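Asker: Please find the sequence and the predicted model below.
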Amino acid sequence: MWKSFFGGIHPYDGKDLAKTQPIEEMPLPTELSVPLSQHIGAPCQPTVKVGDMVKRGQLIATSEAFMHADIHAPTSGKVAKIEPRPHSGRGMCPAIVILPDGEDAWAEGLPLARNWEAMTGEEILTAIQEAGIVGMGGATFPAHIKLKPAKPVDTLILNGAECEPYLTADYRLMLEQPEDIITGAQILAKVLGTKRTVIGIEDNKPDAAEALEKAASGTQIEIARLRTRYPQGAEKMLIFAVTGREVPAGGLPMDAGAVVQNVGTVAAITAAVEQGLPLTERVTTVSGDAISQPKNLRVRIGTSYRACIEHCGGFREEPDKLLAGGPMMGMAQQSLDVPVMKGSSGILALTKKITEHPEERNCIRCGRCVNACPMGLVPSMLSILSERGDFPKCRDSYGLMNCIECGCCTYVCPAKRNIVQYIRLAKGEIRAEAERAKAKAAAKAAQAKEAAK
């Protein structure tokens, strides 16, 4: 479908605002709001109650569902509330509110010392699962599940492309903690039994590539310098760039013999396996032309956007839009009180001179969105059909579900159509209809079972 990845774009990357800023430790805020849903899969249920005292790294929420990732206390303190709080992707979501006691004491037995080379693959997977690690590039897929592919794979790819504009968290991590990334790559290669390990980095980050090459000296790990082109970091694009293999329509990376993990995820896996440390913090970029002092912060899970922005000097100018993530695939926020979560790669505040969007017009059939689409789709038709409410035709005739929502189509559209938003609407309607059909079938089966008694 996308034989040579001719699509993609070259937007202003905005990385100059924060790329020279070393990772800075964010002080503990006065309150941490830890959402019970920070991953793809079932939300967790609290294992603590209001009034409990917790320690950093202590399990505070889990689920019996297969698809979930455990949640741990980001610091020591008191559980003040368990209630719905603002959430960057769900509007409101149940959260455990912790008031730090200032001691930041680890749970008993943490950190510990382990030799990953002496551990079995199953022991490593257990350590990753117990640490609650998810894909930290934004996908938030539970890592322990992704590392048990249903098909044999021969290639492990670490995603260091960070092609999303403005974001520099992964870049700084590669510069400052290359040894952790290389160790994590070796750990994952052992678990997966892969023959080849490649770290993909866009060629606009030569210093990061050099740091990883130095750290990888003496290993079989390859550093691939890739063409700088958004969305080079998308899984399917990255697999093709590194291996020349295509993930089939509707398929997964394992269908092309590969597993992809973000470099931030891999660094967290190193800490989990070698020291037993659960995922309680992450590196997040706070940037945009509205931020006084753009920075890369190591932030505790549950810290509010408000606290992060205040630590960066507040707003230099009133923002027109606040985003969770980058400008291409990020989600607009209505509140500064949403918390940093496991998948929070960036907090972006942009002024109107950046976000101003002319009035949408009718499609002029220019084909620019088709040329830009890395998946070889016809975004213009998807947007027109979605606007008309013909969602089944989007799916059945135009490959709706193959869209990766990268936003290239919207970026290049001269008619200023909100193409990717129309596509998200259509996907949402298709998924909702599938859920309705599933619920209807379940109700019908229940009725039949009742009638048979």
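Answerer: Nice, I can see it.
Asker: Show me how far stretch 117-130 is from its chain's centre.
Answerer: Relative to the chain's own centre, stretch 117-130 is displaced by 23 Å; criterion: CA atoms, centre = their mean, to the nearest Å.
Asker: Report the buried residues of that stretch.
Answerer: 119, 124, 125, 127, 128, 129 (16 or more other CB atoms under 10 Å). Using the backbone N, CA and C atoms, a C-beta is placed for each residue, glycine as well.
Asker: and what of stretch 236-247?
Answerer: Neighbour counts over stretch 236-247 (16+ other CB under 10 Å) mark 236, 237, 238, 239, 240, 241, 242, 243, 246, 247 as buried.
Asker: Can you tell me which of these is nearest residue 90?
Answerer: Of all the buried residues of stretch 236-247, residue 236 has the smallest distance to residue 90: 26.3 Å, by CB to CB.
Asker: So for the helix or strand where the closest one lies, mean pLDDT?
Answerer: In this structure, residue 236 sits in helix 235-243 according to DSSP states H and E. In this model, helix 235-243 has a mean pLDDT of 95.
Asker: what does that helix rub up against?
Answerer: 2, 5, 8, 155, 157, 159, 161, 198, 200, 224, 226-227, 231-232, 245-247, 253, 256-258, 260, 374-375, 404 (CB atoms under 8 Å, 6 or more residues apart in numbering).
Asker: Let me have the buried residues of stretch 236-247 in CSV, extended by distance to residue 400.
Answerer: What follows is those, written out as CSV (distance: CB to CB, whole Å):
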residue, distance to residue 400
236, 16
237, 19
238, 22
239, 21
240, 21
241, 25
242, 27
243, 26
246, 19
247, 17
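Asker: hmm, back to that, so among the contacts of helix 235-243, which ones count as buried?
Answerer: 2, 5, 8, 155, 157, 159, 161, 198, 200, 224, 226, 231-232, 246-247, 253, 256-258, 260, 374-375, 404.
Asker: Mind checking which of those are in helices?
Answerer: Per DSSP state H, helices hold no members of the buried ones among the contacts of helix 235-243.
Asker: all helices for the stretch 301-450 of the chain, in order.
Answerer: Listed in chain order, the helices of the stretch 301-450 of the chain (DSSP state H, counting those that start in this stretch) span 305-311, 352-355, 368-372, 379-388, 391-398, 408-412, 419-452.
Asker: now for the fourth one, which elements pack on it?
Answerer: Using 3 or more CB pairs under 8 Å, 6 or more residues apart in numbering; DSSP states H and E as the contact test, the elements touching helix 379-388 are helix 368-372, helix 391-398, helix 408-412, helix 419-452.
Asker: As PDB, could you dump the C-alpha coordinates of stretch 362-380?
Answerer: Extracted in PDB, the C-alpha atoms of stretch 362-380 (Å, rounded to 0.1, in the frame of the first residue of the first chain):
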ATOM      1  CA  ASN A 362     -14.900  22.600   0.200                       C
ATOM      2  CA  CYS A 363     -12.400  20.100  -1.100                       C
ATOM      3  CA  ILE A 364     -10.800  21.300  -4.400                       C
ATOM      4  CA  ARG A 365      -9.600  17.800  -5.400                       C
ATOM      5  CA  CYS A 366      -6.000  18.900  -5.600                       C
ATOM      6  CA  GLY A 367      -4.600  15.600  -4.400                       C
ATOM      7  CA  ARG A 368      -2.100  17.100  -2.000                       C
ATOM      8  CA  CYS A 369      -3.400  15.000   0.900                       C
ATOM      9  CA  VAL A 370      -3.000  11.800  -1.300                       C
ATOM     10  CA  ASN A 371       0.600  12.700  -2.000                       C
ATOM     11  CA  ALA A 372       1.300  13.300   1.600                       C
ATOM     12  CA  CYS A 373      -0.400  10.300   3.100                       C
ATOM     13  CA  PRO A 374       2.200   7.700   4.200                       C
ATOM     14  CA  MET A 375      -0.400   4.900   4.100                       C
ATOM     15  CA  GLY A 376      -1.400   5.500   0.500                       C
ATOM     16  CA  LEU A 377      -5.000   6.400   1.300                       C
ATOM     17  CA  VAL A 378      -7.300   9.000  -0.200                       C
ATOM     18  CA  PRO A 379      -7.900  11.300   2.800                       C
ATOM     19  CA  SER A 380     -10.000  13.800   0.800                       C
END
